[in-house]
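> Below is the sequence, then the predicted model.
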Amino acid sequence: MKNNNAEKTVLIVDDEPDVVTYLRTLLEDNGFGVITAGDGKDGFDKAKYWHPDLITIDITMPEESGVRLLRNLQQDIDTSGIPIIIVTGVSHEFKRFIETRKQVRPLAGYFEKPIDREQFLAKVNEILSARAV
């Protein structure tokens, strides 16, 4: 299922090398450009510099958590419009928790690890197709 995603870039923010490798390979094999960061601070810096089309964030990371990164991205004028997908090992209750926070805008997607590759790709394509319009 190749599509014309050559100009679309996804920033993966996760501290687990295996997850980063998996997501990078999955996205690159489907025509996306990929940037990676191992923690929230590096992720924020790369988001500001590269302004990717989509960001995936793990919740539990060293240096700066995914929750802090999410809040920082949504509050910064340069990154506030970038869609965000949470990709985490944190339980489903966290999704309900984050959705009830008034200071956090709705997420573009939420996936628990291990992710379903077909559902993940479908969501990424849906988000990025909507942004192209």
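Perfect, I can see it now.
> What are the contacting residues of the helix ranked longest in the chain?
Using DSSP state H, we find that the single longest helix of the chain is helix 117-132. Residues outside helix 117-132 that contact it (C-beta atoms under 8 Å, 6 or more residues apart in numbering): 1, 3, 5, 8, 10, 26-27, 30, 32, 53-54, 83, 85, 87, 108-109, 111. Any C-beta I mention is one placed from the backbone N, CA and C, and that applies to glycine too.
> Which of the residues you listed fall within helices?
Leu26, Leu27.
> Helix or strand for Lys41, just tell me which one.
Using DSSP states H and E, Lys41 sits within helix 40-50.
> can you give me the strands for the protein?
In the chain, the strands defined using DSSP state E lie at 9-13, 33-37, 54-57, 84-88, 109-112.
> can you put these in a markdown table and add mean neighbour count?
Listed next are the strands of the chain as a markdown table, based on neighbours: other C-beta atoms under 10 Å:
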| stretch | mean neighbour count |
| --- | --- |
| strand 9-13 | 25 |
| strand 33-37 | 18 |
| strand 54-57 | 26 |
| strand 84-88 | 23 |
| strand 109-112 | 16 |
